[in-house]
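Visitor: Need a 3D model of the sequence below.
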Amino acid sequence: MKQTSITYNRIWHIAYPIILGSIAQNLINFTDTAFLGRVGEIALGAGALGGLFYLAIIMLGLGFGTGAQIIIARRYGENKLKQIGPVVEHSLFFLLPLALLVFTLMRYWAAPLLEHVVVSHEVYEETVIFLKYRAVGIFFAFTNLTFRSFYVGLTKTKVITYTTIVLAITNIILDYLLIFGKFGFPEMGIKGAAIASVTAEMTATVFFFSYTFINIKFKDYDLFHFIKPSITRLVNILKIAVPMMMQSFLSLSVWFVIFLFIEKLGKSPLAVSNIIRSVFVILMIPIWGFAAATNSLVSQLIGQKRSDEVLPLIYKIIRLCFIGVLAIVCVGLIFPRFILSIYTNDINLIEMGIPLLYIVSGGALLLSIGFILFNGVSGTGKTQVSLAIETVVLTIYLTYAYTLVYIFKEQITIVWTTELVYGSLLALLSFIYLKSNKWQTGSI
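Guide: Presented below is the predicted three-dimensional model:
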């Protein structure tokens, strides 16, 4: 097999700023969960459901942004730099009206929807309060995703680290002040967590704009000329982006449904699952960083007519990603009680969480392989195929979870083995498609 000229060092230099940015971003998740864990089980459960509902919506924007990122990377590889700016502008033309629609959904339609699916009235009320305030952040989040697509597509990823550090610091400070009512601020509980997150996203948007105006030569990319929108150009982006949007939305939506299943098991299983979800997200940090690098580098290689280097590149990235995840997993396996005690001082929740921590550690190791292979498929531009793979895997995943909860009525420990099923199937189906070489036909 032909080797790739892209070195481990090059892969790492693209991925590590995204990883650092993800660490900062997930400090928000960590902080919200840790602080709300001190408020009580109801706030912790509502934070889980509200956070997942918001993330499922965000996945629409992330999916579109990933599609735009693939196109930007392809044009960069083809050295067609002036075609990059219009992709960024048309992303904003699409995402900001979508944000208005999503805001309306979250602000006015989420409550009637959740009323029929959340068993605990207390958890329902707190979740609705969270989403009412959290919805405002969608405008800033979608704008930030557009900037992220631009910089990851160009493999200029350091700005993502800077931006998310600003976002995380803002959120942590405001979480402490607003959740607990410190230094003269009102004690707002879960509402304070939502307001803190929105303010942090707004701060990140301001930083992205400032950094771009200072460091990017707009004329190099025809950036921010805001010419008349082109339906043809938007349609071309949507051909790549829509499957990514559906895939991302489906993925988080199914996870939200899984948490609705878990909510039927009681407040304690839901609370401990929110803790484990937060830990799992931390385990996913290097995976997301290397996955973003995979998308862009695969697309750039194809743009440079170097398709024979794609698989060797993906194998290199898998090695780096697996080692990174394994290092984090080892910490959790050696000090499980310490890790869980960061989130809660409830001994019962800690003991309940230890076997779950072992399971998600295995799931993360499988995803360090499966998610890179899967993003390799997306990076080729065959996003319809990646959507088909995700749909098949999620259907099996959801069916398995439903069977465990409603038919066999298993304990929460067994329910979380769904993550092992997901990681295994994603790796298998993605590998089969990449080895088929069918992705080498067509263009974007």
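Visitor: low-confidence ranges in this structure?
Guide: By pLDDT under 70, the low-scoring segments of the chain are 1-2, 21, 24-30.
Visitor: Which secondary structure state does the most far-flung residue of it relative to its centre sit in?
Guide: In the chain, G184 marks the outermost C-alpha relative to the chain mean, sitting 34.5 Å out by CA atoms, centre = their mean. Under DSSP: H, G, I helix; E, B strand; the rest coil, the three-state class of G184 is coil.
Visitor: Over to the one 4 residues further on?
Guide: Following three-state DSSP, we place M188 in the coil state.
Visitor: Pull the contacting residues for it.
Guide: L178, I179, G181, I195 (CB atoms under 8 Å, 6 or more residues apart in numbering). Where you see a C-beta, it was placed from the backbone N, CA and C, and this is true even at glycine.
Visitor: do that again at 6 Å, thanks
Guide: L178 (CB atoms under 6 Å, 6 or more residues apart in numbering).
Visitor: returning to that earlier point: quick one: the residue farthest from the centre of the chain from T383, how far?
Guide: Per CB to CB, to the nearest Å, G184 is found 50 Å from T383.
Visitor: now do S436
Guide: S436 is 16 Å from T383, by CB to CB.
Visitor: quick one: which of these two has more around it?
Guide: T383 (25 against 10; other CB atoms under 10 Å).
Visitor: Would you agree the more buried one is in contact with V242?
Guide: No. With contacts counted by CB atoms under 6 Å, T383 stays clear of V242, the gap being 8.0 Å.
Visitor: about what we covered before: what's the distance between the residue farthest from the centre of the chain and V198?
Guide: On the measure of CB to CB, G184 and V198 end up 21 Å apart.
Visitor: Could you do V166 as well?
Guide: 15 Å.
Visitor: Those two: which is more packed in?
Guide: V198 (21 against 18).
Visitor: The helix or strand harbouring that one - contacts with which helices or strands?
Guide: Using DSSP states H and E, V198 sits in helix 190-215. Applying 3 or more CB pairs under 6 Å, 6 or more residues apart in numbering; DSSP states H and E, one finds that helix 190-215 contacts helix 121-134, helix 138-153, helix 158-180.
Visitor: cutoff 10 Å now
Guide: helix 8-39, helix 41-77, helix 121-134, helix 138-153, helix 158-180 (3 or more CB pairs under 10 Å, 6 or more residues apart in numbering; DSSP states H and E).
Visitor: so which of those helices gets nearest N236?
Guide: Among the helices and strands packed on helix 190-215, helix 41-77 comes nearest to N236, with 7.8 Å by CB to CB.
Visitor: now the closest one, how far from the chain's geometric center?
Guide: 5 Å (CA atoms, centre = their mean, to the nearest Å).
Visitor: got the angle between that helix and helix 8-39?
Guide: Computed by axes from the mean of the first three to the mean of the last three CA atoms, to 10 degrees, the angle separating helix 41-77 from helix 8-39 equals 160 degrees.
Visitor: Quick one: list the elements packing against the helix or strand just after helix 41-77.
Guide: Toward the C-terminal end, the helix or strand that comes next after helix 41-77 (DSSP H and E) is helix 84-104. Under the contact criterion of 3+ CB pairs under 10 Å, 6+ apart, helix 84-104 touches helix 41-77, helix 138-153, helix 218-221, helix 231-263.
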